[in-house]
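> Return a 3D structure for these sequence lines:
(chains A and B)
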Amino acid sequence: MQHQIIKSAIKPVLSSSFLREENIVHAGYLDMELLRFSTAGSVDDGKSTLIGRLLYDSKSIFEDQLLSVKEASERLGGDEVNLALLTDGLRAEREQGITIDVAYRYFATPKRKFIIADTPGHIEYTRNMVTGASTADVAIVLIDARNGIIEQTKRHSYIASLLQIPNVIIAINKMDLVIFSEEVYNKIKTEYEEIAIKLKLQKIYFIPISARDGDNVVDASTNTPWYNGETLLHLLESIPVHNIDSELPARFPIQYVINQDNDKFQDYRGYAGRISGGVFKVGDTLLALPSNRLSTIKAIDEGPVELNEAFTPQSVTIRLASNLDIKRGDMLIKLNAKYPKYSSIITLHVCWLNVRPLTVRGKYIVRHTTSETSATIEEIRYKVNINTLENNKDDKTVLMNDIAHITIKTLHPLKYDDYIENRITGSLILIDENTFETVGAGMIISDAEVYSYNI
Amino acid sequence: MGHRELTHLKELESESIFILREVAAQFERPALLFSGGKDSIVMAYLALKAFYPAAIPFPFVHIDTGHNFDETITYRDKLVKRFNAKLIIGSVEESIQQGRVSEEKGYNASRNKLQTVTLLDTLEKYKFDAALGGARRDEEKARAKERFFSHCDEFGQWDPKNQRPELWNIFNGKKQPGEHFRIFPISNWTEMDVWQYILQEYIPLPSLYYTQEVFERDEVFYAALPAILRKPTEKVLWKKVRCRTIGDITCTGLTLSTANTLEEIISEIAGSRVTERGGRADDKRSDAAMEDRKKAGYF
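Below you'll find the model as predicted:
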């Protein structure tokens, strides 16, 4: 058999040249950005159709997928291809016509690669929405133009606010069913703006769309001459993301210590981790927490390449000028940056994820950045009614999908920021001591007033 | 102050390296499942970067169906040697001889399904508590809902309805004795991302991504090698083809291709209208084929 060799420049593996970027000739599609967004919605509001539309119109659907959807549409008795079926998942779900979990979808345009966290929107799926929202840069909240703002809209918006998603797009869908009425659109917009203020949403955008017919999804619609804004896809391609993470106080939770001692690397000792805020440069003076020891950055390694600086969210290895006795779970910060808080009494919002309710005085394992400790639940302060957004101080049973404001006491103090300032160093999970399941998602808040809503 | 924004490949790489290091930190006996396909090759290179200059702190495990392309085996052995890694081979042939599984018969016989038993046996034999795999969520709908840290019960099985929620970049690898995790560091990568990364990093590939002697069955081209029994009507053809995904010879469909370089492969994929698994016979067995195999403990 005759073979051909792939003609790419093959370099020796263990030298630094195998990943030198300036060697790349065909950089055109290598410099896209990544955007993560979440969608939440119920069966009826067109969420699956919208995602199907984005995948279809961006040509992310392949022929074999389309064929299987066509066959499924016919089996279910539909006469046209049901785009919603493109996002159908497991057989268990197809049989019951429901979505049981967060599904991740992918598509790309020449500008950006998109990761969609697609979650069902019913109240019993709050935990899935929280999970999907935890890493999102953008949340898309769908509103059925015929129904206007309903409980579910508030619920999704609350979760976007709770999880501090920096951008929220309000897609007012099914505009074709209200004959593309500007009046209907404006009424919903005005009403929503009040909610957005109360929820302290950061940036919001409104778009009138029809997911089924594609109006303002990829191409501007001729049916909405009164709308001068961007189409949904264009907005997703152009919303600024991530830049702010590098403006945050510098944080480097130590994940893993790399040691090597041979002829080539004598006494190599590097602290590996993912930058969780700000920028680190060679020569920076660092403070190691909790030991409070000082050192300076001798080198920043990314594999075999040495960098002058690295920023959020790069995974790198930092070498220090002096040998500190530090380990996984410790944190390096810049000496002149704002210090994280350091305490074993932590107040937080918790979204409960497990069928076994949260118990006061209960003991749980806490994972926060790369550190682990245990904690007891000291107090349940109030529970949030996520439909009315009222705080309930009387009902303190926290069940699956509930969101509550609680205080915990940890065995070892945490080095943390408020979640509102840093989503990585401000978040934690609670793990059941017996089953080891992840039972709670926590967002740390020092100032409870910030999160007090009244709608 | 310059503009600080990672490219999508850099961000994906950074996420995957974070996960590889979490695995090394959280588990006692991890292993990297290496098939010789492009996804596991990328995983190997990511692992090399994650722990550089130290050696990769876990062995490579190859589940060998005995029906692998020669090029896969040659490439595997060279890579393992260059990376100074340890290689453990789980043999489906041995599982058959030991009577753990029985060989499928007929023209569509494949050892793909038998691999699951060999895989679980190998994980148990060496007491591995975490198996790193190169599966991606864009590959197949059952994979779209799988976690980075995928918990398997003591029988090695996956329960899609009972997965641990995964929030932010906090990963929970705690487990009861006897349980293990499947870990998928490149979950968020698409086929395109993998090819682009191979180009960006100058990662050498097995020449196998080219082969020429084929035959056609159910509108899919397969390699004309002894591992697949050909029907008398199935004639050997000469075609310019390549693999988009490499598995066992018996289930690896080949794509007609004129590409000679990585750059050409990438533009071919960008213009392709069929998913890479469209050529995988193992997925065509039923609509929920992957879901069923995953529940049973497949890769």
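
> Not counting sequence-adjacent ones, nearest residue to the residue nearest the centre of chain A?
Of all residues in chain A, the one closest to the mean position by C-alpha atoms, centre = their mean is residue A:135, 1.0 Å from it. For residue A:135, ignoring the flanking residues on the chain, the nearest one in space by C-beta to C-beta, 6 or more residues apart in numbering or on different chains is residue A:36 at 5.4 Å. In this view, the C-beta of every residue, glycine as well, is placed from N, C-alpha and C.

> again, but for residue B:74
Closest to residue B:74 by C-beta to C-beta, 6+ apart is residue B:206, at 7.4 Å.

> Enumerate every residue touching the closest residue to residue A:209 other than its chain neighbours.
Among residues not flanking residue A:209 along the chain, residue A:216 sits closest, at 4.6 Å (C-beta to C-beta, 6+ apart). For residue A:216, the contacting residues are A:207, A:208, A:209, A:210, A:224, A:227, A:231, A:232, by C-beta atoms under 8 Å, 6 or more residues apart in numbering or on different chains.

> Save the residues you listed as a markdown table, and put in neighbour count, pLDDT and secondary structure too.
Listed next are the contacts of residue A:216 as a markdown table, based on neighbours: other C-beta atoms under 10 Å in any protein chain shown; pLDDT from 0 to 100; DSSP: H, G, I helix; E, B strand; the rest coil:
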| residue | neighbour count | pLDDT | secondary structure |
| --- | --- | --- | --- |
| A:207 | 23 | 97 | strand |
| A:208 | 28 | 97 | strand |
| A:209 | 27 | 96 | coil |
| A:210 | 25 | 94 | strand |
| A:224 | 20 | 96 | coil |
| A:227 | 20 | 96 | coil |
| A:231 | 19 | 95 | coil |
| A:232 | 22 | 95 | helix |
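
> quick check, nearest of those to chain B?
Proximity of the contacts of residue A:216 to chain B (C-beta to the nearest C-beta) peaks at residue A:232, which lies at 19.8 Å.

> which residues does the closest one contact?
Per C-beta under 8 Å, 6+ apart, neighbours of residue A:232: A:54, A:140, A:169, A:171, A:207, A:209, A:216, A:217, A:218.

> Once you drop chain neighbours, what's closest to the residue of the stretch 51-200 of chain B found nearest chain A?
Taking C-beta to the nearest C-beta, chain A has its nearest neighbour within the stretch 51-200 of chain B at residue B:174, 3.7 Å off. The spatially closest residue to residue B:174, leaving aside those adjacent along the chain, is residue A:436, at 3.7 Å (C-beta to C-beta, 6+ apart).

> Same check on residue A:279?
That would be residue A:311: by C-beta to C-beta, 6+ apart, it lies 4.4 Å from residue A:279.

> coming back round to it: report the distance from the strand or helix carrying the residue nearest to residue A:135 to the chain centre.
Following DSSP states H and E, the helix or strand that holds residue A:36 is strand A:33-41. Averaging C-alpha positions (C-alpha atoms, centre = their mean, to the nearest Å) puts strand A:33-41 8 Å from its chain's average.

> Name the residues that touch it?
Everything outside strand A:33-41 that qualifies as a contact, by C-beta under 8 Å, 6+ apart, is A:47-48, A:50-51, A:111-121, A:129, A:132-133, A:135-142, A:152, A:156, A:159, A:165, A:236, A:239, A:241-242, B:5-8, B:11-12.

> Pull the distance from stretch A:439-449 to the chain's centre.
For stretch A:439-449 - counting by C-alpha atoms, centre = their mean - the centre lies 17 Å from the chain centre.

> Could you do stretch B:131-141 as well?
Using C-alpha atoms, centre = their mean, the offset of stretch B:131-141 from its chain centre is 7 Å.

> Kindly report the same for stretch A:112-132.
10 Å.

> can you tell if that stretch touches chain B?
Yes: with C-beta under 8 Å from any C-beta of the partner chain as the criterion, chain B is reached by stretch A:112-132 at A:112, A:113, A:115, A:127, A:128, A:130, A:131.

> quick one, what contacts the first one?
Residues counted as contacts of residue A:112 (C-beta under 8 Å, 6+ apart) are A:32, A:33, A:34, A:35, A:236, A:237, B:8.

> Now for chain A, the helix or strand with the poorest mean pLDDT.
Within chain A, no helix or strand scores below helix A:91-96, which has a mean of 58 by mean pLDDT, DSSP states H and E.

> Over to chain B?
Result, chain B / mean pLDDT, DSSP H and E: helix B:289-296, a mean of 65.

> Look at residue 28 and report its pLDDT.
Just going to use chain A. What the model reports as pLDDT for residue A:28 is 47.

> my bad, chain B
For residue B:28, the predicted pLDDT is 95.

> and it, what helix or strand is that in?
Here residue B:28 is assigned to no helix or strand, by DSSP H and E.

> next one: residue A:257
strand A:256-260.

> now stretch A:316-327, how far from the centre of its chain.
Worked out by C-alpha atoms, centre = their mean, stretch A:316-327 lies 30 Å from the chain centre.

> List every C-alpha atom in it, with coordinates, as PDB.
The C-alpha coordinates for stretch A:316-327 follow below in PDB (Å, rounded to 0.1, in the frame of the first residue of the first chain):
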ATOM      1  CA  VAL A 316       0.900  28.400  33.200                       C
ATOM      2  CA  THR A 317       3.700  27.400  35.500                       C
ATOM      3  CA  ILE A 318       5.300  30.000  37.700                       C
ATOM      4  CA  ARG A 319       8.900  29.700  38.900                       C
ATOM      5  CA  LEU A 320       9.900  31.800  41.900                       C
ATOM      6  CA  ALA A 321      13.300  33.400  42.700                       C
ATOM      7  CA  SER A 322      13.300  31.800  46.200                       C
ATOM      8  CA  ASN A 323      12.100  28.500  47.400                       C
ATOM      9  CA  LEU A 324       8.900  28.800  49.400                       C
ATOM     10  CA  ASP A 325       7.300  25.900  51.100                       C
ATOM     11  CA  ILE A 326       3.900  26.200  49.300                       C
ATOM     12  CA  LYS A 327       1.500  23.600  47.900                       C
END
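
> And the contacts of that stretch?
Contacts for stretch A:316-327 (C-beta under 8 Å, 6+ apart): A:252, A:254, A:257-258, A:268-275, A:280, A:286, A:288, A:291, A:293, A:295-302, A:307, A:310, A:332, B:52.

> Equivalent analysis for stretch A:249-256, please.
A:271-280, A:284, A:286, A:318, A:326-334, A:337-340, A:369-371, A:417, A:422, A:424-425, B:18, B:21-22, B:24-25.

> for the residue nearest to residue B:74, phi and psi?
phi -60, psi 150 (degrees, to the nearest 10).

> any idea how far residue B:69 is from it?
The spacing between residue B:206 and residue B:69, counted by C-beta to C-beta, to the nearest Å, is 8 Å.

> Residue A:430 is in contact with residue A:437, correct?
No: at 9.8 Å, residue A:437 does not count as touching residue A:430 under the criterion of C-beta atoms under 8 Å.

> Where does the prediction get shaky in the stretch 101-250 of chain B?
For the stretch 101-250 of chain B, the stretches with pLDDT under 70 are B:107, B:111, B:156, B:160-161, B:208-212, B:244-247.

> now the strands for it?
Using DSSP state E, counting those that start in this stretch, the strands of the stretch 101-250 of chain B run over B:130-132, B:149-152, B:180-183, B:211-217, B:220-223, B:237-243.

> Give the partner strands of the second one in its sheet and their orientations.
Pairing partners of strand B:149-152, with direction, according to DSSP bridges: strand B:180-183 (antiparallel).

> how far is the partner strand from where the chain is centred?
Counting by C-alpha atoms, centre = their mean, strand B:180-183 comes out at 14 Å from the chain centroid.
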